[in-house]
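In: have a look at this fold, sequence not included:
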């Protein structure tokens, strides 16, 4: 059985349930430990009685070391601080042979077992950002991404994990300082600092807005297939990291930061299934608790309305750059040529 853990609060509730549902769809045998970072999130998740999940409250999880530094960190920084400690908690509390930390804003498109099997005899698995050159932020944000990290309960694996837990409690902030950034720039030297770390080779794991420009995607037999443009190597998409995805007021989404180029095929084959998965998750959450929205709601599309041409394009086509209406993702895209814009 594969063991995973994740953490999120109410603003990521629909994302977290969509991610859990994708594991249920593709992973034959798994258990997910969910750390609910606020009371409403804990209440909803408990009522949902997810078959393959254990729900852990913040009160149950937090220890004296975490509580001692909590007041000095923002909510986001505290989540980053806690990621390593959630893995340690699961391994020690439930006597697990391994545990894989996964971000709540991932969606699995096929079975992740192939990623963990790739570790072989190594005790720690990490994934590179694999930045497209024009988006390379390795020097400030780190070579590796805290998104999918496996630790085995071995002496070597726990040595790495305990080192990371201590480092994050000592310093974990949303700024670049002394070659540190959050919890993830610590990983930069792990392949030389430790001899038990495996860097994922399967490019189907860890596709994200900062590297997706290197691939072309199509859907065949309900499976999303990728092709690396440089090598023409084919691969199955295992998981995508929906970093910086936002719900926008007016039934719209921002797929990611406007700085990342996402083409129509990426929107069709990757983001369209994601928004469908979010809609299913929202309906499931609504069945047990309709009091609160299970996600954030940003007003970040205001800039579109400030420019008449951009607003017209968004209204007619259903999208402008990384801003998409819910309708355009559900029913398909109109071409700019339809309106003779190019």
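Out: Yep, that arrived. Fair warning: this is a prediction, and the values are worked out from it, not measured in the lab.
In: for residue 73, grab phi and psi.
Out: Here is the backbone geometry of residue 73 (degrees, to the nearest 10): phi -130, psi 150.
In: thought it was touching residue 67?
Out: No - counting by CB atoms under 8 Å, residue 73 does not reach residue 67; the two are 11.5 Å apart. Bear in mind the C-beta positions are built from the backbone N, C-alpha and C, glycine included.
In: more crowded one of those two?
Out: Legend: neighbour count by other CB atoms under 10 Å for residue 73 and residue 67, higher for residue 73 (17 against 9).
In: pLDDT below threshold where in the stretch 51-200 of the chain?
Out: Of all residues in the stretch 51-200 of the chain, none has pLDDT under 70.
In: what about the helices in it?
Out: Assigned helices in the stretch 51-200 of the chain, in chain order: 58-61, 64-70, 75-93, 113-117, 138-141, 155-170, 190-193 (criterion: DSSP state H, counting those that start in this stretch).
In: pLDDT below threshold where in the stretch 201-342 of the chain?
Out: Those would be 290, 292, 294, 296-297, 299-306, 331-342, if you go by pLDDT under 70 across the stretch 201-342 of the chain.
In: again, only using 50
Out: In the prediction, the stretch 201-342 of the chain carries residues with pLDDT under 50 at positions 335-342.
In: the lengthiest strand in the chain packs against which elements?
Out: Counting residues, the longest strand found in the chain (DSSP state E) is strand 144-152. Strand 144-152 sits against helix 75-93, strand 98-102, strand 124-128, helix 155-170, strand 205-207, strand 239-241, with contacts defined as 3 or more CB pairs under 8 Å, 6 or more residues apart in numbering; DSSP states H and E.
In: next one: it to chain centre, how far?
Out: Mean-position distance between strand 144-152 and its chain equals 11 Å (CA atoms, centre = their mean, to the nearest Å).
In: partners of it in the sheet?
Out: If you go by DSSP bridges, strand 144-152 pairs up with strand 98-102 (antiparallel), strand 124-128 (antiparallel).
In: and for that strand, what's in contact with it?
Out: 80, 83, 87, 91, 97-103, 106, 112, 115-116, 119, 123-129, 157-158, 160-161, 182-184, 187-188, 190, 199-200, 205-206, 208, 239, 241 (CB atoms under 8 Å, 6 or more residues apart in numbering).
In: pretty sure residue 28 sits against residue 112.
Out: No - using CB under 8 Å, residue 28 makes no contact with residue 112, being 10.8 Å away.
In: which residues touch the closest residue to residue 230 other than its chain neighbours?
Out: Among residues not flanking residue 230 along the chain, residue 214 sits closest, at 6.9 Å (CB to CB, 6 or more residues apart in numbering). The neighbours of residue 214, taking CB under 8 Å, 6+ apart as the test, are 130, 132, 228-230.
In: just these: which are in strands?
Out: Per DSSP E, the contacts of residue 214 map to strands at residue 228.
In: now list the buried members of the contacts of residue 214.
Out: 130, 132 (16 or more other CB atoms under 10 Å).
In: which of the contacts of residue 214 sit farthest apart?
Out: Greatest spacing in these, by CB to CB: 130 and 229 (13.0 Å).
In: quick one, helices of the stretch 201-342 of the chain?
Out: Ranges of helices in the stretch 201-342 of the chain, per DSSP H, counting those that start in this stretch, are 264-266, 272-288, 302-305, 308-317, 326-331.
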